[in-house]
Each structure stands twice: as structure tokens, then as C-alpha cells.
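Participant: Pasting the sequence and the predicted model now:
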Amino acid sequence: MMNAFTFTIPGRPQGKARARIVRQKGKSRTYTPEQTAIYEQDVQWTYKAAGGPHFGKSPIAITINAFFGIPKSTSKSDRNSMLADMIKPTIRPDADNILKIICDSLNSVAYEDDKQIVSSSVIKMYAQYPCVHVEIMKAEYSV
């Protein structure tokens, strides 16, 4: 069994959208927005295609690097500063929503449940090509 696994999800980072409620004839129904459901499937497929292991019920640490594309209207000097990591993306989605969609997507795929995650980190950066780089590892602690 591996202690760590890394994989990359191509495309713009997405965040977890709130569940929607529809009321019809006095009844309400909750559903996940379509864009969120599609992205969660993409994360699962990418993990499986990369040969990701199942970590079982072990405590998990997860690190997420979310790389955003640089807007076309950006000046050359700002573009260079973005690529040098001197300018960070303060745009949507929020870091916590990026974490949430990745962790929820990997339930029953990489681990039993995301309640096993005992340590997490999300960093938002700019890059030439947008993607999300994820590292999952067994959390090893000494007392």
C-alpha cells in the first residue's frame, strides 16, 4: 500500500457549489448543481485513471495546489509577476470550496470518508495552464 499519491486534474479549478432546493406541490427536494456533479465525476475519473490507491480508513493529509490561467488582458509585467508567484489569484472559487469539492469527490474512491482528513492545505496560484494538483498521503504522527 502506498503512503502517498499525486495526481493532476486538468482545467480551471472549481469550487463546491451549495446544494439547491426546489419546492414543488408543498414538497421540497435538494439536489447538487450540474456543474458540481460533473466536476466531481471528473475528479473521480482522473484519480482512477492515474491508478490512485484506496487508503482505507487511515488518517489522511491532503495538499491541493490550484493553478488558475492568466487572463488574456493581463499586461506583460503582471503576467511575469503572476508566473513568478508574486501575484496570487484572489478570485473565485474560494480556497475552502476547492478543498470541499476535491475531498467530497474522493469519498469511497481514495478513502472511506473525508472525515478521515486530519490535515489539509490549499494554495491558489497562477500558471500557464490551469489545473489542480492533488497530493494525498497517510497522515503519520508521533506522540
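Facilitator: Ah, there it is. Residues are numbered from 1 along each chain as shown.

Participant: hey, where'd the helices end up in this protein?
Facilitator: Assigned by DSSP state H, the helices in the chain fall at 34-49, 76-83, 95-105.

Participant: so Val132 touches Gly15, yeah?
Facilitator: No - using CB atoms under 8 Å, Val132 is not in contact with Gly15; the gap is 10.8 Å. Every residue, glycine included, has its C-beta placed from N, CA and C.

Participant: give me every residue that touches the residue nearest to Glu112 when sequence neighbours are not counted.
Facilitator: Excluding its sequence neighbours, the residue lying closest to Glu112 (CB to CB, 6 or more residues apart in numbering) is Lys57, at 5.3 Å. Residues near Lys57 by CB atoms under 8 Å, 6 or more residues apart in numbering: Tyr111, Glu112, Gln116.

Participant: can you do 10 Å?
Facilitator: Tyr111, Glu112, Asp113, Lys115, Gln116 (CB atoms under 10 Å, 6 or more residues apart in numbering).

Participant: give me phi/psi at the residue in the chain sticking out farthest from the centre?
Facilitator: Centroid-distance maximum for the chain: Lys25 at 36.7 Å, with CA atoms, centre = their mean. When read as degrees, to the nearest 10, the backbone of Lys25 gives phi 50, psi 40.

Participant: any idea how far it lies from Tyr31?
Facilitator: 16 Å (CB to CB, to the nearest Å).

Participant: May I have the residues that are in contact with the most centrally placed residue in the chain?
Facilitator: In the chain, the residue lying closest to the centroid (CA atoms, centre = their mean) is Ile102, at 3.5 Å. Residues near Ile102 by CB under 10 Å, 6+ apart: 9, 13-16, 39-40, 43, 47, 62, 64, 66, 110, 114, 120, 122, 132, 134, 136.
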